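K.L.:
What would the 3D arrangement of this be:
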Amino acid sequence: MNAPAAANPVKSAMRTLDVIEYVVAHRKGAVAQEIAAALAIPVSSLSYLLATLAERGYLLREGRRYLPGPGLERLRAPQSSLTLEDRVTPLVRALKSELNETSSFMIRRDWQVEALVTEASDQALRYAVDPGTRRPLHALAAGKVLLAAMADDELAAYFAQAPRERLTPTTRVDEADLRSDIERIRRDGLSIAREEATPGICGIAAPVVIGGVCVGAISVAVPTVRFDAALEARTHALLLRTVVALQGE
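P.N.:
Okay, the predicted model is just below:
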């Protein structure tokens, strides 16, 4: 007969919770050696755990001491108080973990697209982008998604005002070509750009619509040599699942 799940806790999860609870219980914080001794955790293992918890914001490091971090408050916060970045970050991270391909959430800044949240692939051959990086709308899959979300008058202003540089031999810059891409995105709900912004990199993106407004695009960047039909289909399915989770449908 199998024992109840609670009787066989996952050791790593229990260790993580023990560390958080220990730090929360000490109002002045605790140093690593103290935590290790109290919880019987090897210092070598604890250092990685503490670094991860601090990186995620669940702990805050001040000198040698660890204190409760703002991430713990976010767990208690009502959905309405979370920023867009707060909401998308764990889902972008999950998308990257499932695909091990660079995943991002991008927003529009004038006639450019900006990476608000990004998680880089762990693979040796990868495309990485820093948060805050901006690229022209016409060349990225996420940018074309944001173009497709524009009203017709705004789209007309874009074509009249925005420079459209040819970044690679396959960058689509002609208005007729881009309007064709926009119509396909509006029909299919998905954008694919093959080596249009960076040679050797393909992008795939889907819009995120909240309250009837397109607030950004979830995208994945994949080296062309790995972007076969199977990965394209899997990425498509995971993008749509992520979008549904963000939109709360």
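K.L.:
low-scoring pLDDT stretches of the protein, where are they?
P.N.:
Within the chain, the ranges that satisfy pLDDT under 70 run 1-9, 77-81, 248-249.
K.L.:
now the strands for it?
P.N.:
30-31, 59-62, 65-68, 102-109, 112-119, 134-136, 191-194, 201-210, 213-223 (DSSP state E).
K.L.:
Now tabulate those strands in JSON lines and tack on distance to V19.
P.N.:
C-beta: built from backbone N, CA, C; applies to glycine. Formatted as JSON lines, the strands of the chain follow (distance: least, Cβ to Cβ, whole Å):
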{"stretch": "strand 30-31", "distance to V19": "9"}
{"stretch": "strand 59-62", "distance to V19": "8"}
{"stretch": "strand 65-68", "distance to V19": "8"}
{"stretch": "strand 102-109", "distance to V19": "28"}
{"stretch": "strand 112-119", "distance to V19": "23"}
{"stretch": "strand 134-136", "distance to V19": "38"}
{"stretch": "strand 191-194", "distance to V19": "42"}
{"stretch": "strand 201-210", "distance to V19": "34"}
{"stretch": "strand 213-223", "distance to V19": "32"}
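K.L.:
got TSV for those strands, with mean neighbour count too?
P.N.:
Output for the strands of the chain, formatted as TSV (neighbours: other Cβ atoms under 10 Å):
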stretch	mean neighbour count
strand 30-31	16
strand 59-62	16
strand 65-68	18
strand 102-109	24
strand 112-119	21
strand 134-136	17
strand 191-194	21
strand 201-210	23
strand 213-223	23
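K.L.:
To what extent is A94 buried, counted in neighbours?
P.N.:
16 (other Cβ atoms under 10 Å).
K.L.:
residue contacts, it?
P.N.:
Contacts for A94 (Cβ atoms under 8 Å, 6 or more residues apart in numbering) come out as T242.
K.L.:
Any figure for the gap between it and G212?
P.N.:
From A94 over to G212 the distance is 25 Å, taken as Cβ to Cβ, to the nearest Å.
K.L.:
now A206
P.N.:
17 Å.
K.L.:
before we move on, what about E196?
P.N.:
On the measure of Cβ to Cβ, E196 and G212 end up 29 Å apart.
K.L.:
Do a quick rundown of the helices in this protein.
P.N.:
11-25, 32-39, 43-55, 70-76, 84-99, 141-148, 152-161, 175-188, 229-247 (DSSP state H).
K.L.:
if I pick V244, what's in contact with it?
P.N.:
Contacts for V244 (Cβ under 8 Å, 6+ apart) come out as none.
K.L.:
what's near enough to touch the closest residue to Y66 other than its chain neighbours?
P.N.:
Computed as Cβ to Cβ, 6 or more residues apart in numbering, the closest residue to Y66 that is not its neighbour in sequence is L59, at 4.8 Å. Neighbouring residues of L59 by Cβ under 8 Å, 6+ apart: 19-20, 23, 50, 53, 66-69.
K.L.:
Would you tell me which one of the residues you listed comes nearest to T242?
P.N.:
When the contacts of L59 are compared for distance to T242 (Cβ to Cβ), L53 comes out closest, at 24.4 Å.
K.L.:
Can you tell me the number of residues neighbouring that closest one?
P.N.:
Other residues within reach of L53, judged by other Cβ under 10 Å, total 21.
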